[in-house]
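**Q** task: produce atomic coordinates for the following.
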Amino acid sequence: MKPAFEKLFGFDSSKHSVRTEILAGLTTFLTMAYILAVNPGIFSALDMPGGAVFTATALAAIVGTLVMALFAKKPFALAPGMGLNAFFVFTVCLGMGHSWQFALTAVFLEGIIFIILTLTKVRSWLLNAIPGTLKKAIGAGIGLFIAFIGMQNAGIIVNNDATLVGLGDICHGTALLGIIGLFITAGLVMAKVRGGMLWGILITSVIGLFIKDPATGEAITKFGGVVSLPASIEPIFCKFEWSSILSWDMLAVVFTFLFIDMFDTMGTIIGVHQGAGIINKGNEEIPGLEKMFLADSVATVAGACFGTSTTTTYVESASGVGEGGRTGLTAFSTAIFFILALFFSPIFLAIPGAATAPALMIVGVMMMPSVKTIHWEDYSKAIPAFITIIMMPLAYSISDGILLGVIAYVICHAISGQFKKISITMWILAALFICKYIFI
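**A** Residues are numbered from 1 along each chain as shown. Sure, this is the predicted structure:
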């Protein structure tokens, strides 16, 4: 078994534990399983069959995560990305007036272009060109971002017309459950209980059976059954619209998908590696980049064929890495749970967002230490780092945090006369990013 595990997943029995990797995979699955419920809801605005979208979402996650596990041998999971699915539905289809078939074609083309960029190592070149200061900031920014997502999922932070965001009703409903779950999970993690975050999710879910949502009067955790056969994806499978591939609209949509996905994936890979302390300390480079990027690209192409939006590496993978997941066995385990979800969707979908929120908040804490190695006394580095960190949660976008951080890095070093510290690649990237904000 040992040689097989090493060959399949990059597993080293002297460093890794099968139990830890499987628990890490389950933790990752539980923190990102919400996409199985959210994606069909978003696509319902286009009258796409909800059951087919649910199955397509799960299949895209399964294929992408298996490629990550077996080819890249990394503990990252993939699924149709939040933000990218909203852009698909609300901008491309409802805003620009295109059909969902047009949008699926754009996603498919984006994935093909990504495969080409990966095989030519362009994506790795771009990532490795990012200075170490920004890479450290990206890790911390993602930590804040996923903690913010967790707080929103639990209703601890809510929309507020006066101040954009505000504190929710923390004495009732989902917010109360999230806070209870946070202290339970924190206690388990501080006590170094193996699988502490996973146990926190499960215990919080059980408590949710006894706490009612004030808006509905029903228990927050509620089961609607056990077994459910997956719906067919035939109505949305490979429904591409080739007649529009040479239009300007198609070019703009493909480029936007490409841009967002590229830097979301880059940010996630950097951030999770930084948080886990598994990035090369000497040159800040990450091993196996091309394989991770190729897994992401193949998953996007597969997802488009299945009938869903861009598939990307999930930042929630940090929860599994936080539980000790380090090899492809973690990702493989996550993929297995997605397969089970196809048949046991009522059970998996019963876990409320308030139960997974504490794990995301704890992971946010785990990803903050990288800020201590940023040279805060040097403002040419500190200001770009701060912009990168703060813009991820405030702009609700990993890619925007990276883009604005790169622009700030070049500008701050230029106005301070440190031209030698700005590589040609950074100049080019900053110019492209500025053009992106002006013209797209």
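
**Q** helix or strand: which one has T57?
**A** Per DSSP states H and E: T57 is located in helix 50-67.

**Q** my error: substitute A318 in the last question.
**A** Going by DSSP H and E, A318 is part of helix 317-322.

**Q** packing partners for that helix?
**A** Helices and strands touching helix 317-322, as assessed by 3 or more CB pairs under 8 Å, 6 or more residues apart in numbering; DSSP states H and E, comprise helix 18-32, helix 132-154, helix 248-276, helix 328-343, helix 353-366. Every C-beta, even on glycine, is put in place using the N, C-alpha and C of the backbone.

**Q** which one of these lies closest to H413?
**A** helix 132-154 (10.4 Å; CB to CB).

**Q** which element follows the closest one toward the C-terminus?
**A** Heading C-terminal from helix 132-154 (DSSP H and E), you reach strand 157-160.

**Q** so for that next one, mean pLDDT?
**A** Mean pLDDT, computed over strand 157-160, is 92.

**Q** report the distance from that strand to the chain centre.
**A** With CA atoms, centre = their mean, to the nearest Å as the basis, strand 157-160 stands 22 Å off its chain's centre.

**Q** same question for stretch 427-436.
**A** The answer for stretch 427-436 is 24 Å, by CA atoms, centre = their mean.

**Q** for that stretch, give the mean pLDDT please.
**A** Regarding stretch 427-436, the rounded mean pLDDT is 91.

**Q** what is whichever strand or helix holds I116 packed up against?
**A** For I116, the element it lies in under DSSP H and E is helix 100-119. When contacts are defined as 3+ CB pairs under 8 Å, 6+ apart, helix 100-119 sits against helix 122-129, helix 248-276, helix 289-306.

**Q** which pLDDT value goes with the nearest residue to P131 once chain neighbours are set aside?
**A** Of all residues not flanking P131 in the chain, Y409 sits nearest, at 6.4 Å (CB to CB, 6 or more residues apart in numbering). pLDDT, Y409: 97.

**Q** now swap in the one 10 residues further on and tell me
**A** In this prediction, F419 carries a pLDDT score of 93.

**Q** so it touches V410, yeah?
**A** No. In this structure, F419 is not within contact of V410 by CB atoms under 8 Å, at 9.9 Å.

**Q** looking at the two, which one has more neighbours?
**A** Of the pair F419 and V410, V410 is the one with more neighbours under other CB atoms under 10 Å, namely 23 against 10.

**Q** on that earlier part again, in the helix holding I116, what counts as buried?
**A** Using 16 or more other CB atoms under 10 Å as the test for burial, helix 100-119 gives 100-111, 113-115, 117-118.

**Q** swap in stretch 160-175?
**A** Applying 16+ other CB under 10 Å to stretch 160-175 flags 168, 173-175 as buried.

**Q** could you dump these to TSV with distance to P384?
**A** Formatted as TSV, the buried residues of stretch 160-175 follow (distance: CB to CB, whole Å):
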residue	distance to P384
G168	33
G173	40
T174	36
A175	35
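
**Q** which one of the residues you listed is nearest P80?
**A** T174 (23.9 Å).

**Q** and that closest one, what element?
**A** helix 173-190.

**Q** contact partners for D400?
**A** 391-392 (CB atoms under 8 Å, 6 or more residues apart in numbering).

**Q** would it count as being in a helix?
**A** Yes. Counting by DSSP: H, G, I helix; E, B strand; the rest coil, D400 is found in a helix.

**Q** circling back: from the chain's centroid, how far away is the helix holding T57?
**A** Distance of helix 50-67 from the chain centroid (CA atoms, centre = their mean) equals 15 Å.

**Q** pairing partners for whichever helix or strand comes after it, with directions?
**A** Next in sequence after helix 50-67, counting helices and strands by DSSP H and E, comes strand 78-80. Strand partners for strand 78-80, identified by DSSP bridges, are recorded as strand 311-313 (antiparallel).

**Q** buried residues in the strand it pairs with?
**A** Buried residues in strand 311-313 (16+ other CB under 10 Å): 311-313.

**Q** spatially central residue for this protein, please.
**A** Y314 (2.6 Å; CA atoms, centre = their mean).

**Q** that one contacts G83, doesn't it?
**A** No. Judged on CB under 8 Å, Y314 makes no contact with G83 at a distance of 11.8 Å.

**Q** circling back: quick one: neighbours of the residue nearest to P131, just the number.
**A** For Y409, the count of nearby residues is 27 (other CB under 10 Å).

**Q** helix or strand: which one has it?
**A** Element membership for Y409 (DSSP H and E) is helix 398-415.

**Q** between that helix and helix 122-129, how big is the angle?
**A** Here helix 398-415 runs at an angle of 50 degrees relative to helix 122-129 (axes from the mean of the first three to the mean of the last three CA atoms, to 10 degrees).

**Q** show the subsequent helix or strand relative to helix 398-415.
**A** Per DSSP H and E, helix 398-415 leads on to helix 424-439 as the next helix or strand towards the C-terminus.
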